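[1] sequence-free structure coming up:
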């Protein structure tokens, strides 16, 4: 039996006037920026950084470095498990759009970019912690990430997704501080120098269950590679401008949230291991509470357990056991 869940997609502009809704995961990068006394200044500075980086990368036929601007939409996805109109917020992603001031046109960018999920909070902050409690050696539970991965694939293949978006998502994350990355000879004009890693990270395994594979690139004038998760072919499926929209957006977030890696004062060499305890880096002028964010992930994992996993466990387990694309 392949039960079809119903997905509802909602969109809100991420601009300097953005206020997180009650259903937004408050650990989400953009939601965290939009809180506190400096919320509007934070948002304005982050958006300016994105536009500046975009124009630096999209330098062709752009002599003054001001041809483009990036517009961002927060895409919230709610899932109706029982088909009775009661929904749970399962996924939150970002959609980029590119404004070309020279040609006076708006170009569709990439959907994905940032990736947030209550179910992932449950997997990592509740399930994984409980599984490893009082254990000498770290391990993952059986079928870890299976349900989450199938929900994601179900969404990407849904009529709702296809009605809103033309291409599969690309998620862009920080590289793992537990792995070593080796520079290759391949260089892309926009993505930059490709790196390969010595082993798959836990995030790689988790995203593989979502149907996504990873490649690692250090864009021009960057100091560390970014991890790009995608289905299909990252190079041929997306235009250079689409890729620039993702790089400029997500590198800006990483400079704010992972300055030890992405705002370091020295660039990655031929062999590179990211270090979160690196002291040689610059801070952006954007206020962010990383410790609070970690605590909130546990709270949100518990919320998911209470309002999604427990009430729908039987339906979700039966669906997951039989789900095939």
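    Now that the structure is in, tell me what you want to look at. Since we're looking at a predicted model, the values are computed, not measured.
[2] helices and strands of the chain: which one has the lowest mean pLDDT?
    Least confident element among the helices and strands of the chain, by mean pLDDT, DSSP states H and E: helix 29-33 (a mean of 58).
[3] Pull out the buried positions in the helix or strand that that one is followed by.
    Next along the chain after helix 29-33, taking DSSP states H and E as the criterion, comes helix 39-57. Of the residues in helix 39-57, 39, 42-43, 45-47, 49-51, 53-55, 57 count as buried by neighbour count, 16 or more other C-beta atoms under 10 Å. For every residue, glycine as well, the C-beta is placed using N, CA and C.
[4] now do stretch 110-128
    By neighbour count on 16+ other C-beta under 10 Å, the buried set for stretch 110-128 is 110-128.
[5] related to what we said a few turns ago, rebuild the buried residues of helix 39-57 as JSON lines, extending it with distance to residue 152 and pLDDT.
    JSON lines is the format used below for these (distance: C-beta to C-beta, whole Å; pLDDT from 0 to 100):
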{"residue": "39", "distance to residue 152": "30", "pLDDT": "74"}
{"residue": "42", "distance to residue 152": "29", "pLDDT": "80"}
{"residue": "43", "distance to residue 152": "28", "pLDDT": "85"}
{"residue": "45", "distance to residue 152": "32", "pLDDT": "88"}
{"residue": "46", "distance to residue 152": "26", "pLDDT": "89"}
{"residue": "47", "distance to residue 152": "28", "pLDDT": "92"}
{"residue": "49", "distance to residue 152": "29", "pLDDT": "94"}
{"residue": "50", "distance to residue 152": "25", "pLDDT": "96"}
{"residue": "51", "distance to residue 152": "30", "pLDDT": "97"}
{"residue": "53", "distance to residue 152": "28", "pLDDT": "97"}
{"residue": "54", "distance to residue 152": "27", "pLDDT": "98"}
{"residue": "55", "distance to residue 152": "33", "pLDDT": "98"}
{"residue": "57", "distance to residue 152": "28", "pLDDT": "97"}
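[6] Please name the two of these that end up farthest apart in the structure.
    Maximum pairwise distance in those, criterion C-beta to C-beta, is 27.5 Å, between 39 and 57.
[7] tell me the phi and psi of residue 180?
    phi -110, psi 140 (degrees, to the nearest 10).
[8] ranges for the strands of the stretch 101-250 of the chain?
    For the stretch 101-250 of the chain, applying DSSP state E, counting those that start in this stretch gives strands covering 105-116, 170-174, 181-188, 192-197, 213-218, 226-230.
[9] Show residues contacting the second one.
    Think strand 170-174. Strand 170-174 is contacted from outside by 93, 110-115, 203, 207, 212, 226-230, 234, 238, 246-247, 249-250, 254, 257-258, 261-262, 274, using C-beta atoms under 8 Å, 6 or more residues apart in numbering.
[10] which residue is nearest the centroid of the chain?
    By C-alpha atoms, centre = their mean, the chain has its centre lying nearest to residue 114, at 2.5 Å.
[11] Spatially nearest residue to that one (excluding sequence neighbours)?
    residue 94 (4.5 Å; C-beta to C-beta, 6 or more residues apart in numbering).
[12] Compute the number of surrounding residues for the one you found.
    28 (other C-beta atoms under 10 Å).
[13] need the contact list for it.
    By C-beta under 8 Å, 6+ apart, the contact set of residue 94 is 14, 30, 72-75, 111-114, 249.
[14] Lowest-confidence entry in these?
    Ranked by pLDDT, the contacts of residue 94 bottom out at residue 30 (56).
[15] Perfect, that will be all.
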